[in-house]
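Student: Predicted coordinates and the sequence they were generated for:
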Amino acid sequence: MGTTLDIKIKRANKEMLSGVVVISGKDSVQHQGLSLTVEGTVNLQLSAKSVGVFEAFYNSVKPIQVINSTIEMVKPGKFPGGKTEIPFEFPLHVKSNKVLYETYHGVFVNIQYTLRCDMRRSLLAKDLTKTCEFIVHSTPQKGKWTPSPVDFTITPDTLQNVKERALLPKFLIRGHLNSTNCVITQPLTGELVVESSEAAIKSIELQLVRVETCGCAEGYARDATEIQNIQIADGDVCRGLSIPIYMVFPRLFTCPTLETTNFKVEFEVNIVVLLHPDHLITENFPLKLCRM
Amino acid sequence: MAAFPWHSRNRNYKAEFASCRLEAVPLEFGDYHPLKPITVTESKTKKVSRKGSTSSTSSSSSSSVVDPLSSVLDGTDPLSMFAASADPATLAAAMDSSRKKRDRDDNSIVGSDFEPWASKRGEILARYTTTEKLSINLFMGSEKGKAGTATSAMSEKVRTRLEELDDFEEGSQKELLNLTQQDYVNRIEELNQSLKDAWASDQKVKALKIVIQCSKLLSDTSVIQFYPSKFVLITDILDTFGKLVYERIFSMCVDNRSVLPDHFSPENVNDTAKETCLNWFFKIASIRELIPRFYVEASILKCNKFLSKTGISECLPRLTCMVRGIGDPLVSVYARAYLCRVGMEVAPHLKESLNKNFFDFLLTFKQIHGDTVQNQLVLQGVELPSYLPLYSPAMDWVFQCVSYHAPEALLTEMMERCKKLGNNALLLNSVMSAFRAEFIATRSMDFIGMIKECDESGFPKHLLFRSLGLNLALADPPESDRLQILNEAWKVITKLKNPQDYINCAEVWVEYTCRHFTKREVNTVLADVIKHMTPDRAFEDSYPQLQSIIKKVIAHFHDFSVLFSVEKFLPFLDMFQKESVRVEVCKCIMEVFIKHQQEPTKDPVILNALLHVCKTMHDSVNALTLEDEKRMLAYLINGFIKMVSFGRDFEQQLSFYVEARSMFCNLEPVLVQLIHSVNRLAMETRKVMKGNHSRKTAAFVRACVAYCFITIPSLVGIFTRLNLYLHSGQVALANQCLSQADAFFKAAISLVPEVPKMINIDGKMRPSESFLLEFLCNFFSTLLIVPDHPEHGVLFLVRELLNVVQDYTWEENSDEKIRIYTCVLHLLSAMSQETYLYHVDKVDSNDSLYGGDSKFLAENNKLCETVMAQILEHLKTLAKDEALKRQSSLGLSFFNSILAHGDLRNNRLNQLSVNLWHLAQRHGCVDTRTMVR
């Protein structure tokens, strides 16, 4: 069994990454130096829907590097046998005019940060490398968070995109969202009242939609994906009784709203009302997510 | 060895008695007495030990002796400690034990007067059943892919992720159709088991999926009659799940060094545990459908304790609001019930959300009569009166939680709110079953008014009256209203057409009637019940209720003369036509009679009725009746017989016994009791006549004796017969019925050869010899005073008995025969005295008959010689084998007998006794202590 290299990241915060590098092996090992490299990239991919299959395949936008820096940890020398732990603290210095975005794995946009540890060795032995991803949470935004409540009313008249308005059953749904400015760790809240409805209600759902926009040479591509669907009412609910709107943002699929020159990640919530026998009513609200 | 002549010692019994009597020593109270128990009270030992802690030497000044045993045990002995720890919860199945324990811990906050869910559970399962086919619809995967909204363009990546999450079995939709109710229950139980298995094998995602699928079943209201039971079954699974999650997270907080205390605060919880807990909540928050999300989150409500102190108090109101989104009123009320249940368990102090649940429910109450529900009912072919009671369990529970220890004002407010809603019978019913009985009872008239106003078509009224009746059985309404309440209620009850509905109501109201009214009202009520239950033999279907009516009546009427003067009581009893039920009822009546009847009675009404009752019990005995059952019946009948007394009218008493004998001939213990009673009667007569029977009483006593004489042979137990013969013979003797006494004794003697070697005692075969020995000794001592019959020879009975003893096949290697002979020797020596040791009043025994006639004495001595020869013979046979020990002990006892009864001035007897002494000592087998005299 040869020598193994491992990285244990303790935490990444305040623009400082700390952890330990662990070298373990039976025998002592000769090396030409140990270095750490941090790399951060934004990968953009175009959706087949917006630009066509081939373009999507070939025209992947070039990745944007956000950060790339290396430090030398240990000068050439020798590690003794057994287990050696070397703690490190790595300052995260962003490239000029770049921002340290939050880690994000979307469909068309990926922001990923990796830490690599390299052990260079003499010609006879192979170099050892270990790579691991670390998560960057953007620092809480400064400034005060102000709620932006929204009231809404849905009636047949407020609807767009209706073919035959006369065929629609009459209904009146009122409600409000406590804020469309949301803190990502806090749930989306609000209330909804079915004041009246001729047709029986089947279900009322909250649909969380993510909109990714990539800019590229041909213009830009915009794609929406549903990332969560939460039912808040099931069956013909009581009229005039307020139903809570409550949705926790899923941790893996959301990030603070991002707007850069090259790409955007935005979120929207749809309130979807299903009526008997087969009517679907959607009301859309753009959200602004932030981390406080 | 030649026969030794017997010379009995002349004795002066009086002098002997005087010299032998213990000297009475006046005892001062408080003196030390060896038998006085050592009383060590616990407080005293504690005091002593406390003293010991202050001063090292515990010089207890208290005069009482400290019991070393109790001081060692220090108050709590290991047994009671064990008993304290081994309470039912720990003995119960291991799977439940921890939960129950926790429940109990929590209940300690709630208090024991709160009726726990567990007690409701079984009731609901039993009540809400169906014969229709059920189906379980389980999507064990890809349900998220099926998400209803057509617009949602789920990206490939998300889908694969979700499928990873759904990676469980084949991931296909499983629908099980056409299940019977039992299949359904089994299936749910299987799911419960697979949940535990999945959890145990670390498949947390699978476990969560099972729980989600199960709770999804609760949104399905097809076969609506079964819904309450389904709720019970599925919430069991949820409870299991909640427990598993809680325990898992709890175990994560336990590191090697310290265990988390029961009442921990979130600060003590480590980060990993918190993170895991958060993960659960995040996972649950992303469940698409409302009902599973609600139930699963409610089931792990307790886990909020790990995250923050206020977690639960924030979560409960939110969940309460969430229920508003459930459209189906039945589903939603059960969801509320579950929330209340979890809430009461986890945080009983949070009354607010309970109340909110209640008021929210009232707001949605009108939905029950909405179109959606009505359409559904039509579709399923369910009538409103059978639909509405489906709400009761959940509503009762919610109401109970809310009203538990609630202030009066809140209850009043709740009442008012309920009143305002239209068609509130359902609400009324739940109010009545959940609120404090006192609260209801004081407002009974209001309630009756409200019940009357209710819409007939909805909730069945008889259920309302039943609920009201149950309250009134527990708490008393104001004095002034009582009669009016009964009148009003009964007016409605009596109009009920369906006998089942009627009897369910009546059963409850009988209690109220019995509590507050006299026999007149009770009679009316009973008459009404009879009137309703007789047509079409409706009573056949409602024996349990009728039985409970009887129990209630007899529980309140302890005076049986009053009870039987209730005219309709006996006709009521006639309704029990199935024998087993009838006997049960009779037993109840007799038990109450025995318990409460203080004085003997001769009331003809009671006697007649109870004889009838007893006869019914007796007639139920057949070849298949169990021994225990017979014993029980006999005990009850005996209790009755003992309570019958006609005072000085002995003849009537005897004729009662005659009648009783003819009635209860199948129960041996009753016959025995009767014989004893008759014997007692004879002795009573003697007492009244002060021993001098007149002609009339003599005839009566002879009748009594004759009664015994003809009754005894019908008994089976041989020793019972023997003892009764002896006993009755003694009674006959005491009443100067000499020839009758002779007959008894002869009968007894002729019975002795029939005694089997083994008899059955309490189901075990035991040798009968010791019993026989005991009986014979007793018999012989009676024979001392029996005068010889003029036509038979001297000591006729003794001889007879001796012959029987001689011929009886004794156990081999047993000395019982010799022991009897020794006794006979005692008897004979007593007989040769000038005046006997005891006499029966007014009966001349042999001493006065023969007056110490020498011929008699000679006969007597000859008999002695024969007996002694037998004894010596036996002693000789013993010398041969390995029975020396027996020989010496027998020899010693014979020696003692001679010493006590023989006249040692006679040389040969003297010689014999010396020989015996040597014999006894020769082999050194006898304990020297007994030899030292």
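Tutor: Nice, thanks for sending it over.

Student: Least confident secondary structure element in chain B?
Tutor: Ranked by mean pLDDT, DSSP states H and E, the weakest helix or strand in chain B is helix B:88-91, scoring a mean of 37.

Student: Could you give me the buried positions within the helix or strand hosting residue B:121?
Tutor: Per DSSP states H and E: residue B:121 is located in helix B:117-127. Neighbour counts over helix B:117-127 (16 or more other CB atoms under 10 Å in any protein chain shown) mark B:117, B:120-121, B:124 as buried. (C-beta placed from N, C-alpha, C; glycine too.)

Student: Please convert these to CSV, extending it with distance to residue B:472 and pLDDT.
Tutor: As requested, those are arranged in CSV below (distance: CB to CB, whole Å; pLDDT from 0 to 100):
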residue, distance to residue B:472, pLDDT
B:117, 26, 72
B:120, 22, 73
B:121, 27, 74
B:124, 24, 74
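
Student: from those residues, which two are the most distant?
Tutor: B:117 and B:124 (9.8 Å; CB to CB).

Student: Enumerate every residue touching whichever residue of chain B sits closest to chain A.
Tutor: The minimum distance from chain B to chain A, using CB to the nearest CB, falls at residue B:327 (2.4 Å). Residue B:327 makes contact with A:201, A:233-238, B:372, according to CB atoms under 8 Å, 6 or more residues apart in numbering or on different chains.

Student: Just the ones of these in strands?
Tutor: A:201, A:233-234 (DSSP state E).

Student: and which of the residues you listed is nearest residue B:586?
Tutor: Nearest to residue B:586 among these, with distances taken as CB to CB, is residue A:234, at 57.3 Å.

Student: who's in contact with the closest one?
Tutor: A:203, B:219, B:289-291, B:325-328.

Student: how close does the residue nearest to it when sequence neighbours are not counted get to residue A:6?
Tutor: In space, residue A:234 comes closest to residue B:290 once its chain neighbours are excluded; the distance is 4.5 Å by CB to CB, 6 or more residues apart in numbering or on different chains. Separation of residue B:290 from residue A:6 (CB to CB, to the nearest Å) stands at 45 Å.

Student: Repeat that for residue B:189.
Tutor: 47 Å.

Student: Quick check: residues of chain A near chain B?
Tutor: Counting by CB under 8 Å from any CB of the partner chain, chain A comes close to chain B at A:107, A:187, A:200-201, A:203-205, A:207, A:224-238, A:241-244, A:246-248, A:250-251, A:253, A:272, A:274, A:280, A:282.

Student: so of those, which ones are in strands?
Tutor: Judged by DSSP E, the residues of chain A next to chain B include A:201, A:203-205, A:207, A:224-234, A:242-244, A:246-247, A:272, A:274, A:280, A:282 as members of strands.

Student: quick one, domains of the chain?
Tutor: You didn't say which chain, so I picked chain A. A:4-133, A:148-290 (the TED database).

Student: You answered for a different chain; I wanted chain B.
Tutor: Split by the TED database, chain B gives B:756-871, B:882-932.

Student: circling back to that earlier point, comparing the domains of chain A, which comes out most buried?
Tutor: For the domains of chain A, the largest average neighbour count (mean count of other CB atoms under 10 Å in any protein chain shown) is found in domain A:148-290, namely a mean of 17.

Student: model confidence over it, on average?
Tutor: Mean pLDDT, domain A:148-290: 84.

Student: Stretch B:475-490 too?
Tutor: Average pLDDT, stretch B:475-490: 76.

Student: where's that stretch relative to the chain centroid, distance-wise?
Tutor: Relative to its chain's centre, stretch B:475-490 lies at 35 Å (CA atoms, centre = their mean, to the nearest Å).

Student: distance between the ends of that stretch?
Tutor: 18 Å (CA to CA, to the nearest Å).

Student: can you give me the strands in chain B?
Tutor: Under DSSP E, chain B gives strands at B:134-139, B:173-179, B:758-761, B:764-767.

Student: An error on my part: the question was meant for the stretch 101-250 of chain A.
Tutor: Secondary structure of the stretch 101-250 of chain A by DSSP state E, counting those that start in this stretch: the strands cover A:104-105, A:109-120, A:128-133, A:150-154, A:171-177, A:181-183, A:188-197, A:201-216, A:219-234, A:242-247.

Student: what's downstream of the last one, the next helix or strand?
Tutor: So that's strand A:242-247. Later in the chain than strand A:242-247, the nearest helix or strand by DSSP H and E is strand A:258-259.

Student: contacts for that following strand?
Tutor: Contacting residues not belonging to strand A:258-259 are listed as A:101-102, A:104, A:264-266 [CB under 8 Å, 6+ apart].

Student: okay if I get those residues as TSV plus distance to residue B:717?
Tutor: Formatted as TSV, the contacts of strand A:258-259 follow (distance: CB to CB, whole Å):
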residue	distance to residue B:717
A:101	102
A:102	97
A:104	96
A:264	104
A:265	99
A:266	100
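
Student: Good, we can wrap up now.
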